[in-house]
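Enquirer: Make a model of this:
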Amino acid sequence: MMNVQVCTRRHVTDVFFSGVSHVCGLTLITTDRKATKGPHPVDVQCEYVLASGETLFSITMSRKRAPDTGFTDIAVFRFNPYSSLYGQGVTQNFKDRTTIMIVGASTFVRFDRVECEDEAAYKCTASYQTVGNTLGQEEAVMNLHLLAEPLTPTITLSPPTSTGYTEGQQVEFLCQGAVGKPAGDFLWFRYRDNTPVDVTSLARLNPPYPSTGTCTSERISQLALNMSRLDNGMTIRCAANHTILTKPTGFERCNSTCRQTDTITVFYSFSGRDPDVSKSPFGGTHTGDTVTLKCNAVTNPPATYTWRKDGSVNSTSSGDKLILSNLQIEDSGTYTCLATNVVGGMTYSVSKSLNINVGEYGRLVSLYI
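Expert: Now for the predicted structure:
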């Protein structure tokens, strides 16, 4: 009966060959691999080199996942005659998405689709006959490291609204979702006039936590903003950021790893410049002339306007324009625009006046605003 000689070589991660023992001649070569979860093919490979006069009988591939207590056989490759067999404990799911084969001086387990359970240490054990007519055994271990892309996050607003927010109101945007493996994070972009501005520095990012039923992680990020009139019509985007993705800039279209709010409405009242009152044509005014008075205030919702002459209720006119035709001397006076709008149930009003002196031709006419 032959003696069995066990040769253990030191396996070096992410290099092209293992350490070489000088007792036995056969060399196993393994390489750590990275795989992306999903339909992304990857090979777990054992390459062998036989010394002259040696005979290789079989290579058994086994694996040890994080919760496992030891290695379990997943495939056996025999060389006389050539055959490839799955290990007895392999599930049908594993068989359906893998192929085992011998190609040249290599044995393969090819994953057509990678799942969480495939992240493991893989060991190749070669049984062979040495030049000295003894049985030898060689082992080498490699690791399959799993990567996973983020999924589409969700984005919610608090307080929720179907109408809009008032200027100065604080709104919290919450982004939540699977951030892949290793755990990624989220980037935030604010869009005013379709121009993105990265506001991630204003957000708070919570630590990752396991995603139920997967090997990936989830995270929550919160962005709190005080609404400004400049934010009326804006949108907010939350985009997943991960090492296996191109880093978002905000200029790309929102894809499967980002989510964007609907257009946000902000209600606001008057600023210190409101209202603006103007007269056209500018300059002196004479009898028989026609002038247009224009009143404008920037608010949301739009302001309503009322015109009065010399404070007289009887001369009230509505609309942002007041057209005065065929002016006469008695039309001279102070014209006041009263602008009103309602925000958050509160009514706001501002006014501004313009003095018009109507003179006859040949006399000095002045305009005071």
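Enquirer: Tell me where this protein has helices.
Expert: Secondary structure of the chain by DSSP state H: the helices cover 92-96.
Enquirer: In the record's domain split, what are the boundaries for it?
Expert: Under the assignment automatic domain parsing, the domains of the chain span 4-147, 154-267, 276-368.
Enquirer: got TSV for these, with mean neighbour count and mean pLDDT too?
Expert: (Glycine included, C-beta is placed from N, CA and C.) Below are the domains of the chain laid out as TSV (neighbours: other CB atoms under 10 Å; pLDDT from 0 to 100):
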stretch	mean neighbour count	mean pLDDT
domain 4-147	17	87
domain 154-267	16	96
domain 276-368	15	88
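Enquirer: Distance-wise, check the residue nearest to residue 152 when sequence neighbours are not counted relative to residue 231.
Expert: Spatial nearest neighbour of residue 152, chain neighbours left out: residue 256 (5.4 Å); criterion: CB to CB, 6 or more residues apart in numbering. Residue 256 sits 27 Å away from residue 231, going by CB to CB, to the nearest Å.
Enquirer: can you check residue 42 too?
Expert: 46 Å.
Enquirer: cool, and residue 243?
Expert: Distance from residue 243 to residue 231, by CB to CB: 32 Å.
Enquirer: same question, residue 279
Expert: Going from residue 279 to residue 231 by CB to CB gives 34 Å.
Enquirer: wouldn't residue 233 be in contact with residue 262 here?
Expert: No. At 10.9 Å, residue 233 and residue 262 do not qualify as touching, with contact defined as CB atoms under 8 Å.
Enquirer: What residues are bridge-paired with residue 195?
Expert: Applying DSSP bridges to residue 195 gives these bridge partners: residue 192.
Enquirer: what do you get for residue 44?
Expert: residue 109.
Enquirer: Tell me who's in contact with it.
Expert: Shown in contact with residue 44 (CB atoms under 8 Å, 6 or more residues apart in numbering): 33, 61, 108, 109, 110, 111, 122, 142, 144.
Enquirer: Contacts for stretch 150-169 next, please.
Expert: Against stretch 150-169 from outside (CB under 8 Å, 6+ apart): 171-180, 184, 186, 226-229, 236, 238, 240, 242, 245, 256-261, 264-269, 343-344.
Enquirer: change it to 6 Å
Expert: Around stretch 150-169, the neighbours that count as contacts under CB atoms under 6 Å, 6 or more residues apart in numbering are 171-180, 184, 227, 229, 238, 240, 242, 256-257, 259, 265-268, 343-344.
Enquirer: Just those: which are in strands?
Expert: Counting by DSSP state E, the part of the contacts of stretch 150-169 found in strands is 171-180, 238, 240, 259, 266-267, 343.
Enquirer: Return the residues in contact with the residue nearest the centre of the chain.
Expert: The centroid of the chain falls nearest to residue 239 when counting by CA atoms, centre = their mean (1.1 Å). Under the criterion of CB under 6 Å, 6+ apart, the neighbours of residue 239 are 187, 248, 258.
Enquirer: what bridges to it?
Expert: residue 187, residue 258.
Enquirer: Pull the most distant pair out of the contacts of residue 44.
Expert: Greatest spacing in the contacts of residue 44, by CB to CB: 110 and 142 (14.6 Å).
Enquirer: and the angle for the longest strand along the chain with strand 170-180?
Expert: Longest strand in the chain by number of residues (criterion: DSSP E): strand 135-147. With axes from the mean of the first three to the mean of the last three CA atoms, to 10 degrees defining the directions, strand 135-147 sits at 160 degrees from strand 170-180.
Enquirer: Give the pairing partners of strand 135-147; include direction for each.
Expert: The pairing partners recorded for strand 135-147 under DSSP bridges are strand 4-8 (parallel), strand 33-36 (parallel), strand 120-129 (antiparallel).
Enquirer: which other residues reach the longest one?
Expert: Pointing back at strand 120-129 there. With CB under 6 Å, 6+ apart, strand 120-129 has contacts from 26, 28, 44, 46, 48, 54-65, 71, 136-143.
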